[in-house]
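J.: What shape does this take:
(4 chains)
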2 protein chains.
Amino acid sequence: MKSGSPARGTSRGASAADSKLKASNGGDTNGAAATPLRFGPLADYVGYALRRAQMSSVTGFLDAMKEVDLRPTQFAVLTLINENPGVRQNDICAALGLQKANFVPLLNELQRRGLAVRKEGVADRRSSALHLTPAGMTLLRRALELHTEWERRILARLGTRGRDQLLVLLNKLL
Amino acid sequence: MKSGSPARGTSRGASAADSKLKASNGGDTNGAAATPLRFGPLADYVGYALRRAQMSSVTGFLDAMKEVDLRPTQFAVLTLINENPGVRQNDICAALGLQKANFVPLLNELQRRGLAVRKEGVADRRSSALHLTPAGMTLLRRALELHTEWERRILARLGTRGRDQLLVLLNKLL
DNA sequence: TGTCACGGTTATATACTATAACCATCTACT
DNA sequence: AGTAGATGGTTATAGTATATAACCGTGACA
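T.: Numbering: from 1, shown residues only, chains lettered A, B, ... in the order given. Predicted structure coming up:
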């Protein structure tokens, strides 16, 4: 439906770049269908593993959240607005690493759906104070339930300890 | 220059969704600039951590590889072709989770740069057998050097053990 | 021989990200 | 007070990545 799951290499326990640059495969890999490919060093690259994990994560998220129809960024924005009522757009952008220009249509959509609103900034009339509408709060509450359910499935794969380790390791990459 | 690094939450050691849905911030967060935001449960979400780590990884990759001017996908494709000379386009697509339609311009670009070529399939005249050109091999060799250097920097942050743990954990998410 | 599956291509739509220019407002300094 | 520069938000635009459907030539097989 969403994405053909990428096959992954044999991921030996080896440490770093070992099979430097030799083809090391018999003749031309041709003829039979469904050829299993040699991944070479690719199988042990952190960047590549991250990429696949993130793709899988996004499709899992979209699948889990299809009832509320929220994309990852939208969900994050709603969460941040809820946690920081009256927050300015720029702060949300800085927090999530978004471009302020790209935030405009994103928030427009949330506003169109009646989930969030821009109110006039009181101290600074340039800035808009962001708030969730009651509908937005209700939807976010449901989204949090769905998200918790999804993370429970992740936890089943990683274990609580594995998940905490993963978070620590990922944060070291920033 | 590349991307404003997204600030990250306080990431308490707590386990799962705890601070459910209460604003819990004094009044409106307005007035002072550079407001540090409450991230709420977002700080502990695997998907969110993955997203940021992957963004950071991509910019790091592009920075490390700018001498050879290869994007992550291009690098992966060159590696796979090198490891499996004569491979078919569809197999590369399946291996990397790409859409075959999107692979066409990607390979066109590699061919335009003289790094890879489509040769006629011998057994099946529909399929094209992909090969690296000598120039492609030379560039890939240099790219592997640069990539190894980059992964060395990653290793400095994670430690060998941490890196191996990370790979195992990420693979559990697929 | 005719039907169907498959490899590759084209065309197209959507989403995400990035940059530059612009307006209104605020701040700071003279 | 008044001006210069910084800031919040918007618009316009471009490039990249991803997804779908339709199509053509070829191969497999009844």
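J.: drop to CA atoms for contacts and neighbour counts, all remaining ones
T.: Fine.
J.: Which strand or helix spans residue A:154?
T.: helix A:134-172 (DSSP states H and E).
J.: And that helix, what does it pack against?
T.: Contact here means 3 or more C-alpha pairs under 8 Å, 6 or more residues apart in numbering or on different chains; DSSP states H and E; on that basis helix A:134-172 packs against helix A:46-64, helix A:72-83, helix B:46-64, helix B:134-172.
J.: Would you indicate which residues of the shortest one are buried?
T.: Right, helix A:72-83. Taking 16 or more other C-alpha atoms under 10 Å in any protein chain shown as the neighbour-count basis, helix A:72-83 is seen to contain the buried residues A:72, A:74-83.
J.: And whichever helix or strand comes after it, how far out from the chain middle?
T.: The helix or strand immediately downstream of helix A:72-83 is helix A:89-96, counting by DSSP H and E. Shown here is helix A:89-96, whose average C-alpha point lies 17 Å from the average C-alpha point of the whole chain (C-alpha atoms, centre = their mean, to the nearest Å).
J.: ok, back up a step: tell me, which of the buried residues of helix A:72-83 make contact with DNA strand C?
T.: When C-alpha under 7 Å from any atom of the strand is applied, the members of these adjacent to DNA strand C are residue A:72.
J.: TSV for the buried residues of helix A:72-83, including distance to residue B:51 and pLDDT?
T.: As requested, the buried residues of helix A:72-83 are arranged in TSV below (distance: C-alpha to C-alpha, whole Å; pLDDT from 0 to 100):
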residue	distance to residue B:51	pLDDT
A:72	9	95
A:74	14	96
A:75	13	96
A:76	11	96
A:77	14	96
A:78	17	97
A:79	16	96
A:80	16	96
A:81	19	96
A:82	21	96
A:83	20	96
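J.: gap between the most centrally placed residue in chain A and residue B:57?
T.: In chain A, the centroid-proximal residue (C-alpha atoms, centre = their mean) is residue A:58; its distance is 5.1 Å. Applying C-alpha to C-alpha, to the nearest Å, the value for residue A:58 to residue B:57 is 17 Å.
J.: same thing with residue A:124?
T.: Distance from residue A:124 to residue B:57, counting by C-alpha to C-alpha: 37 Å.
J.: and if you look at residue A:155?
T.: Here residue A:155 is placed at a distance of 24 Å from residue B:57 (C-alpha to C-alpha).
J.: Please say which of the two ends up with more neighbours.
T.: In this view residue A:155 and residue B:57 are compared by other C-alpha atoms under 10 Å in any protein chain shown, and residue B:57 has more residues nearby, 21 against 18.
J.: Which residues of chain A lie near DNA strand D?
T.: Chain A has residues A:1-3, A:88-91, A:100-104, A:126-129 near DNA strand D, with proximity defined as C-alpha under 7 Å from any atom of the strand.
J.: for chain A, which spans come out with low pLDDT?
T.: Counting by pLDDT under 70, chain A shows low-confidence ranges at A:1-35.
J.: near DNA strand C, which residues of it?
T.: Contact residues, chain A versus DNA strand C (C-alpha under 7 Å from any atom of the strand): A:33-34, A:71-73, A:97-102, A:123-126.
J.: out of the residues you listed, which are buried?
T.: Buried members of the residues of chain A next to DNA strand C, scored by 16+ other C-alpha under 10 Å, are A:72, A:97-98.
J.: Looking at the residues you listed, spot the one nearest DNA strand D.
T.: When those are compared for distance to DNA strand D (C-alpha to the nearest atom of the strand), residue A:98 comes out closest, at 10.9 Å.
J.: Next, that closest one: phi, psi?
T.: The main-chain torsion angles of residue A:98 are listed as degrees, to the nearest 10 and equal phi -100, psi 160.
J.: go on, residue A:119?
T.: Dihedral angles (degrees, to the nearest 10) for residue A:119: phi -110, psi 160.
J.: For it, give me its contacts.
T.: Each residue near residue A:119 by C-alpha atoms under 8 Å, 6 or more residues apart in numbering or on different chains is listed here: A:86, A:128-131.
J.: how much space between the residue nearest to the centre of chain A and residue A:71?
T.: Residue A:58 is 9 Å from residue A:71, where distance means C-alpha to C-alpha.
J.: same thing with residue A:103?
T.: Distance, residue A:103 to residue A:71, by C-alpha to C-alpha: 14 Å.
J.: same deal with residue A:86?
T.: In terms of C-alpha to C-alpha, residue A:86 sits 22 Å off from residue A:71.
J.: what residues are up against residue A:142?
T.: By C-alpha under 8 Å, 6+ apart, the contact list for residue A:142 reads residue A:68.
J.: how about a cut-off of 6 Å?
T.: Under the criterion of C-alpha atoms under 6 Å, 6 or more residues apart in numbering or on different chains, residue A:142 has no neighbours.
J.: What separation do you get for it and residue A:148?
T.: Separation of residue A:142 from residue A:148 (C-alpha to C-alpha) stands at 10 Å.
J.: what's whichever residue of chain A sits closest to DNA strand C sitting at in phi/psi?
T.: In chain A, no residue comes nearer to DNA strand C than residue A:125, which is 3.6 Å away by C-alpha to the nearest atom of the strand. Its backbone dihedrals place residue A:125 at phi -80, psi -10, with angles given as degrees, to the nearest 10.
J.: likewise the one 4 residues further on?
T.: When read as degrees, to the nearest 10, the backbone of residue A:129 gives phi -100, psi 120.
J.: again with residue A:65
T.: Phi and psi for residue A:65, reported as degrees, to the nearest 10, are phi -100, psi 10.
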